[in-house]
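Trainee: Curious how this folds, go ahead:
(one chain, ligands or ions: 2)
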Amino acid sequence: MGTATMGAPNPPDPCWDDTVVVVRVYNEAPVVGGVIAELVAAGLSVIAVDDASTDTSADEIDKAGAFRVSHPINLGAGGALQTGFEAALMLTDARYIACFDADGQHQLPDLLGMIGKIREGYDVVMGSRFLEGDGPTQMSWLRRVILKTASTLLNRGEGTRLTDAHNGLRIVARHVAADIRLSYAGMAYASQLERHLTRPEHRITEYPVHILYTEYSKAKGQPLLNSVNILAEVAAHRVTHWGRS
Ligand SMILES: Nc1nc2c(ncn2[C@@H]2O[C@H](COP(=O)(O)OP(=O)(O)OP(=O)(O)O)[C@@H](O)[C@H]2O)c(=O)[nH]1
Ligand SMILES: [Mg+2]
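Mentor: Residues are numbered from 1 along each chain as shown. Ligands and ions are numbered 1, 2, ... in the order given. So this is what the prediction gives:
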């Protein structure tokens, strides 16, 4: 006779069909296939925005099972994110839209936890590298100081209490995504996005995440100078909008 165990049935597999994940991709061929395949295997729908990559990223995206949208020219990380939000709104009826990087720095368990969090009734859930002390995130001390200072300045401006204002791992409710208009070039889009997400009418919270600084991502990622630029942009906005927010 069979050996099937009696008693309580297995819990159903978790279902993530209320969420679509936007992955922006610029020349990430060595890693993007693995990143997307893991999301797809978990049951998530993925829209990958290929930002005019000159390597084989597009093939890797297709093989891994994402829906691919391709820019004919490179529009930068902000432009790619804007396309991702618009595609998610146009092509799906997802309640939530998540952003996940293609370079292997973001981790699936963090994303799944953030989906659980936004289902509690938030409009925006932001990943934070600094919520659980400094945790296992292997960031250089200088980048850490710069990003924390940017968060402090942004908080003063927007009246929010974020610990990590420039984290790419985020999830937003559909109505929040519908109002996003990213127009800044370079990495300055991040401050523009944060200012939108932290509007007082949005119910926002943070969720602890662990960003991996792999040899690959360190070799390919943003130079420290970009963190300095982010800080300068937030400070300049603070000065020009003094007393207005
Ligand atoms: N740098 C860059 N990234 C882009 C562009 N278009 C899309 N991306 C994607 O945007 C995501 C974030 O880019 P990163 O350069 O890793 O930026 P970051 O994670 O904020 O910075 P690091 O912590 O240094 O890695 C990655 O998935 C990129 O592939 C672009 O034009 N430039
Ligand atoms: Mg990165």
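Trainee: rest of the way, CA atoms for contacts and neighbours
Mentor: Noted.
Trainee: give me every residue that touches the spatially closest residue to residue 75 that is not a sequence neighbour.
Mentor: Excluding the flanking residues, the one nearest residue 75 by C-alpha to C-alpha, 6 or more residues apart in numbering is residue 51, at 6.5 Å. By C-alpha atoms under 8 Å, 6 or more residues apart in numbering, the contact list for residue 51 reads 24-26, 70-76, 80.
Trainee: and this protein, which residues reach ligand 1?
Mentor: 24-26, 28, 51, 74-77, 80, 101-103, 217, 221-222 (C-alpha under 6 Å from any ligand atom).
Trainee: and the residues you listed, which are buried?
Mentor: Taking 16 or more other C-alpha atoms under 10 Å as the criterion, what is buried in these is 24-26, 28, 51, 75-77, 80, 101-103, 217.
Trainee: Can you name the two of these that sit furthest apart?
Mentor: 75 and 217 (20.2 Å; C-alpha to C-alpha).
Trainee: Tell me who's in contact with the residue nearest the centre of the chain.
Mentor: Computing the C-alpha centroid of the chain and ranking residues by C-alpha atoms, centre = their mean puts residue 169 first, at 2.8 Å. Counting by C-alpha under 8 Å, 6+ apart, residue 169 touches 98-101, 106, 111, 126-127.
Trainee: What count of nearby residues applies to the closest residue in space to residue 27 that isn't next to it in sequence?
Mentor: Distances taken as C-alpha to C-alpha, 6+ apart place residue 53 nearest to residue 27, at 4.8 Å, with adjacent residues excluded. For residue 53, the number of neighbouring residues by other C-alpha atoms under 10 Å comes to 19.
Trainee: just residue 173 next, same as before
Mentor: Residue 173: 21 neighbours (other C-alpha under 10 Å).
Trainee: ok, for it, nearest residue in space, not its chain neighbours?
Mentor: With C-alpha to C-alpha, 6+ apart, the residue lying closest to residue 173 is residue 96, at 4.5 Å.
Trainee: From residue 174, how far off is the one you found?
Mentor: Note on residue 96: its distance to residue 174, by C-alpha to C-alpha, to the nearest Å, is 5 Å.
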